[in-house]
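Novice: Pasting a predicted model and its sequence here:
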Amino acid sequence: MTDILTSSHPEANWWRQAAVYQIYPRSFSDANGDGLGDLPGVTARMGYLSALGIDAIWLSPFYPSALADGGYDVDDYRSVDPRLGSLDDFDAMVAAAHAVNIRVIVDVVPNHSSNRHAWFQEALVSAPGSPARARYHFHDGRGDDGELPPSDWPSHFGGAAWTRVVEAAGPNAGRPGQWYLHLFATEQPDWNWDHPEVREDFHTTLRFWAGRGVDGFRVDVAHALVKDMSMPLRSKPKLEILVDDGTDALFDRDAVHTVFEGWRQVMNEYDPPRIAVAEAWVPFTNRRLKYARPTELGQAFNFDLLQAPFKAAEFRSVVQKCLAEADVSGASSTWVFSNHDVVRHPSRYALPDGSTAKELEAWLLADGATPPTDLERGLRRARAATLFMLGLPGSAYLYQGEELGLFEVADLPHEALTDPTWFRTNHLVKGRDGCRVPLPWDDAEPNNGFGGTPWLPQPAWFAGKAVSAQDGVPGSTLELYRSALDWRRKLQGEETLEWLSEPTDIVTHYRRPNGWEVITNFGGATALLPSGVDLATVVLASSGEPAPAGHVIPGETTFWLAP
Ligand code: GLC
């Protein structure tokens, strides 16, 4: 059996410093004109992806789903949503990707299935206490008549984490009966990971996709699978980690690691071993790195940079922490600014400095009208932050559309919104639709070349951000990403960095072992370059413009210096 660290396969380490591009399939490219992006749409854009210079694509779920949560409610883990294509289309997509040396990562959603999954349907028609119910978390309610949910747990999307069913079988048939647990939407019942059939079925799923040539997996809500459901259930009025030592009732429990050790055995059946990256929103402690150990998934997302304010000292300290974490785990670090769950980073950086997560949410709810944003500045900062990040050792996870400098669409018509958060909070929290609007490819075509009428409407300003409007245009965000990814490939070396110059609140400066240097000015005003820096070696500036004369770096700008 091979191992991710010791495999002698020549390409076993492809993931360690990969640039991974996240595709949200329904919003990427629509080949059949039904308004929903699809797998043939991805295949058709492989030339674009290859020219962009990425190493892998990660596809958010494309499985059969009623889309109660954008596909994270999976009906069948080993099939393709017919609206998005077929398994043949999937195979064709993988072949097209591999032909241009792009690896493929798929999303695995192990915390919950959808309520349309065959096993949940079986549980619904089975009596309380039956084996079919044991694969999920069905419990009697509290109160005289079981009319109260088994615990006070809220769901992540608002409302309670429990839904009561009307029994179909047993002595109470036809009457309200047990409750089932769903940490997310009602349509997403949580699996019972203590059940051997559940464990085995996910091994089957991993083998199914790995056998079709998939190179890796992104593991949804990895920290939540194993739960302490012993009675009485512990109180948790907020879905947060209450005790950060592996004994919390719901999150980051020690026993979850046995699950992933089992996955590692399965992924090591292949050569090169398959890789996986955990989505584990656990606080920064030495616990998060466990998911990333070579005996488990191999990598875990670090969202610290995504959450950090645009400040030199904060960015620097996040990088130091994450690299130290990677050293201990044996994984490579990961870096993310945007994904399908968060407000796009050029918009985040356009809000007034010091805006909190609550204020960001209020801004979205106000359809982006207040407080006023400075979009030009937001994009300038985003480009500088991206070049700061792409120079770092480790994997860079990019989200579709960020290479176009897309902003959040904060003012989608309310009737178009689909995020369960919007509905489950009675329209108090907007949710994530604004970063999921279908991409603009060609401003000369209907729907900006996406395909049919997009399932979420594109705003008028999307035309100006289309690929066609940026392709070959010096200084455009698209050309900046292309050059950056190209230079990154050429300059990438050992997985370490050295900080240069004295730490200041304004400027960071680091060097990779092969002499590649990255200098970022986080301040709004022009700053003096560190002494000893030779301006003639600047190969890329996040402004997209040549470095100005004088020994200076403009505000909110990153320079890359080649040896
Ligand atoms: C993850 C996904 C998110 C989804 C949730 C439930 O956080 O990234 O989109 O809603 O899990 O599956």
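Specialist: In hand now; what should we look at?
Novice: Return the residues in contact with Ala331.
Specialist: Neighbouring residues of Ala331 by Cβ atoms under 8 Å, 6 or more residues apart in numbering: 289, 292-294, 298-300. No exception for glycine: its C-beta is placed from N, CA and C like everyone else's.
Novice: tell me the phi and psi of the closest residue to it other than its chain neighbours?
Specialist: Excluding its sequence neighbours, the residue lying closest to Ala331 (Cβ to Cβ, 6 or more residues apart in numbering) is Ala292, at 3.7 Å. Per-residue torsions, Ala292: phi -90, psi 0 (degrees, to the nearest 10).
Novice: I'd assumed Gln299 was in contact with Ala292.
Specialist: Yes - in this structure Ala292 lies within contact range of Gln299 using Cβ atoms under 8 Å: 5.2 Å.
Novice: more crowded one of these two?
Specialist: Comparing Ala292 with Gln299 by other Cβ atoms under 10 Å, the one with more neighbours is Gln299, at 31 against 27.
Novice: hang on, that one in a helix?
Specialist: No - counting by DSSP: H, G, I helix; E, B strand; the rest coil, Gln299 is not found in a helix; it is strand.
Novice: Look through the protein and tell me its longest helix.
Specialist: Longest helix in the chain, counting residues (DSSP state H): helix 312-329.
Novice: Was I right to think Met93 contacts Ala44?
Specialist: No - using Cβ under 8 Å, Met93 is not in contact with Ala44; the gap is 9.6 Å.
Novice: These two: which has the busier surroundings?
Specialist: Legend: neighbour count by other Cβ under 10 Å for Met93 and Ala44, higher for Met93 (27 against 17).
Novice: can you tell me how far that one sits from the ligand?
Specialist: Distance of Met93 to the ligand, computed by Cβ to the nearest ligand atom, to the nearest Å: 21 Å.
Novice: picking up where we left off before, joint contacts of Ala292 and Gln299?
Specialist: By Cβ under 8 Å, 6+ apart, Ala292 and Gln299 have these common neighbours: 278, 331.
Novice: Contact partners for Asn111?
Specialist: Going by Cβ under 8 Å, 6+ apart, Asn111 touches 183-184, 190-191, 220-221, 224-225.
Novice: Which element is encountered next along the chain beyond the longest helix of the chain?
Specialist: Where DSSP states H and E defines the elements, the next helix or strand beyond helix 312-329 is strand 334-336.
Novice: What residues of that next one count as buried?
Specialist: 334-336 (16 or more other Cβ atoms under 10 Å).
Novice: Adding distance to the ligand and pLDDT, write these out as JSON lines.
Specialist: Shown next, in JSON lines, are the buried residues of strand 334-336 (distance: Cβ to the nearest ligand atom, whole Å; pLDDT from 0 to 100):
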{"residue": "Thr334", "distance to the ligand": "14", "pLDDT": "96"}
{"residue": "Trp335", "distance to the ligand": "17", "pLDDT": "98"}
{"residue": "Val336", "distance to the ligand": "11", "pLDDT": "98"}
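Novice: Out of these, flag the one nearest to Glu197.
Specialist: Thr334 (31.9 Å; Cβ to Cβ).
Novice: and that closest one, what are its bridge partners?
Specialist: Thr334 has these beta-bridge partners by DSSP bridges: Ser395.
Novice: And for whatever residue of the stretch 401-550 of the chain ends up closest to the ligand, the neighbour number?
Specialist: Closest to the ligand within the stretch 401-550 of the chain is Arg432: 6.9 Å, counting by Cβ to the nearest ligand atom. Counted with other Cβ under 10 Å, residues neighbouring Arg432 total 22.
Novice: what does Ala249 give?
Specialist: Ala249: 18 surrounding residues under other Cβ under 10 Å.
Novice: how close does it sit to the ligand?
Specialist: Using Cβ to the nearest ligand atom, Ala249 is found at 19 Å from the ligand.
Novice: Likewise for Lys227?
Specialist: Lys227 is 15 Å from the ligand, by Cβ to the nearest ligand atom.
Novice: List the contacts of that residue.
Specialist: Lys227 touches 137, 190, 193, 249-250, 253, counting by Cβ under 8 Å, 6+ apart.
Novice: Thought Glu325 was touching Arg288, still the case?
Specialist: Yes - under the criterion of Cβ under 8 Å, Arg288 makes contact with Glu325 at 7.0 Å.
Novice: And for the chain, the residue most distant from the center?
Specialist: Distance from the C-alpha centroid of the chain, by Cα atoms, centre = their mean, peaks at Pro171 (44.9 Å).
Novice: Just the local confidence number for that one, please.
Specialist: Note for Pro171: predicted pLDDT of 93.
Novice: count of residues packed around the residue of the chain found nearest the ligand?
Specialist: The minimum distance from the chain to the ligand, using Cβ to the nearest ligand atom, falls at Tyr72 (3.3 Å). Per other Cβ under 10 Å, the neighbour tally for Tyr72 reads 25.
Novice: Which stretches in the stretch 351-500 of the chain count as strands?
Specialist: Assigned by DSSP state E, counting those that start in this stretch, the stretch 351-500 of the chain shows strands spanning 395-399, 498-499.
Novice: Can you show me the CA trace of the first one as CSV?
Specialist: Same thing as strand 395-399. Extracted in CSV, the C-alpha atoms of strand 395-399 (Å, rounded to 0.1, in the frame of the first residue of the first chain):
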residue,chain,number,x,y,z
SER,A,395,-2.0,25.3,-2.2
ALA,A,396,-4.0,28.3,-3.4
TYR,A,397,-7.8,27.7,-3.7
LEU,A,398,-9.4,30.1,-6.2
TYR,A,399,-13.1,30.6,-6.7
